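Student: predicted model, plus sequence, below.
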Amino acid sequence: GENVEQHPSTLSVQEGDSAVIKCTYSDSASNYFPWYKQELGKRPQLIIDIRSNVGEKKDQRIAVTLNKTAKHFSLHITETQPEDSAVYFCAATFSGSARQLTFGSGTQLTVLP
Amino acid sequence: DSGVTQTPKHLITATGQRVTLRCSPRSGDLSVYWYQQSLDQGLQFLIQYYNGEERAKGNILERFSAQQFPDLHSELNLSSLELGDSALYFCASSWTGEGQETQYFGPGTRLLVL
C-alpha cells in the first residue's frame, strides 16, 4: 500500500552544523512531496515542498532534493540554529488519491548550542 | 497563522460520549482534510471533503463521521468515544487545483477521553 518511510527518528547536531533527513516512498507515480515542521503541541507548518518535475529546491538554509528513480527525497538544513529544534515530517501524495498526504513517522531534530 | 481555524482548542470528555470538532478553512480553499495525531500512530489521514462532498476516506473509524457545509466549514463528529481516541485532531485546507495542493494546517483540537 501507500507508504512513506522516514529516517532517522532522532537526530542531534551541534549548532552551525548541517542536518539531513531522508524519506522513501512506495508509489512511483507520487508527484508532490512537502516537508512540515512541528513544534511541541503546535500545528504542522509547511517549510518547503517539491514537485516531481523538479530535482532540487532551496529556500535560504533549507533545501529538498528528489530522486525519482530511487523514490527518495531528503531535507537538508544548513547552519542549524537552536530554533530549528522540532519534529520534522515528510509526506507524499499518491497517484489516484484525492491529494491527501501520507506522512512519514517524523524526525526529532535537536540542535545543541 | 495559517488562516485555518479550529475549535475548540481542548476537549475533555468521558468514554462513551460524543463530541464535535469544527474547522474553518482558509478563504478560497475548497478542500478540507482531517488528520489524527496520536503518540504511537503519527499523523494519519481520516477523511477529505471538497466543496461539500466527501472525496476520500482514510483510516477513519465507523464511529467517526464528518461533513462540509455550504460555507465550506467542516465538522468532525466522534461518537462512542474510547480512551484510545485521545489525540490531536488537525484539519488542513487547500484549493486542490492543479499545482495548488499545498495543505495548511489549523492549530488542532486536543481531545482527552477519560
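Tutor: Nice, thanks for sending it over.
Student: so A:Ile77 is in contact with A:Ala19, correct?
Tutor: Yes: the pair A:Ile77 and A:Ala19 passes the contact test of Cβ atoms under 8 Å, sitting 4.6 Å apart. Heads up, the C-betas are built off the backbone N, CA and C, glycines and all.
Student: got any residues that touch both of the two?
Tutor: Both A:Ile77 and A:Ala19 are contacted by A:84, A:109, under the criterion Cβ atoms under 8 Å, 6 or more residues apart in numbering or on different chains.
Student: contacting residues for the residue lying closest to A:Ser12 once chain neighbours are set aside?
Tutor: By the measure of Cβ to Cβ, 6 or more residues apart in numbering or on different chains, the closest residue to A:Ser12 outside its immediate chain neighbours is A:Thr110, 4.6 Å from it. Under the criterion of Cβ under 8 Å, 6+ apart, the neighbours of A:Thr110 are A:10-13, A:85.
Student: quick one: secondary structure of B:Gly84?
Tutor: Assigned by DSSP: H, G, I helix; E, B strand; the rest coil, the conformation of B:Gly84 is helix.
Student: pLDDT weak spots in the chain?
Tutor: Just so you know, I chose chain A. Applying pLDDT under 70 to chain A flags residues A:1, A:95-98.
Student: if you could check chain B rather than the one you did, that'd help
Tutor: Along chain B, the model assigns pLDDT under 70 to residues B:96-100.
Student: that one against chain A: which residues are in contact?
Tutor: Residues of chain B lying near chain A by Cβ under 8 Å from any Cβ of the partner chain: B:2, B:31, B:33, B:35, B:42-45, B:48, B:50, B:55-56, B:58, B:90, B:92, B:94, B:96, B:99, B:101-108, B:110.
Student: please narrow these to those residing in strands.
Tutor: Within the residues of chain B next to chain A, residues falling in strands by DSSP state E are B:31, B:33, B:35, B:42-45, B:48, B:50, B:55-56, B:90, B:92, B:94, B:104-105, B:110.
Student: A:Val54 is in contact with A:Val64, isn't it?
Tutor: No: contact between A:Val54 and A:Val64 fails when scored by Cβ under 8 Å: they sit 9.1 Å apart.
Student: which one of the two has more residues nearby?
Tutor: Set side by side, A:Val54 and A:Val64 show more neighbours around A:Val64, with 24 against 12, by other Cβ atoms under 10 Å in any protein chain shown.
Student: hang on, the more buried one in a strand?
Tutor: Yes: with three-state DSSP as the criterion, A:Val64 is part of a strand.
Student: the contacts of A:Thr110 in strands, which ones?
Tutor: A:10-13.
Student: would you show me how to pick out the buried ones of those residues in PyMOL?
Tutor: The PyMOL selection below is limited to those of the ones in strands among the contacts of A:Thr110 classed as buried (16 or more other Cβ atoms under 10 Å in any protein chain shown):
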select buried, chain A and resi 11+13
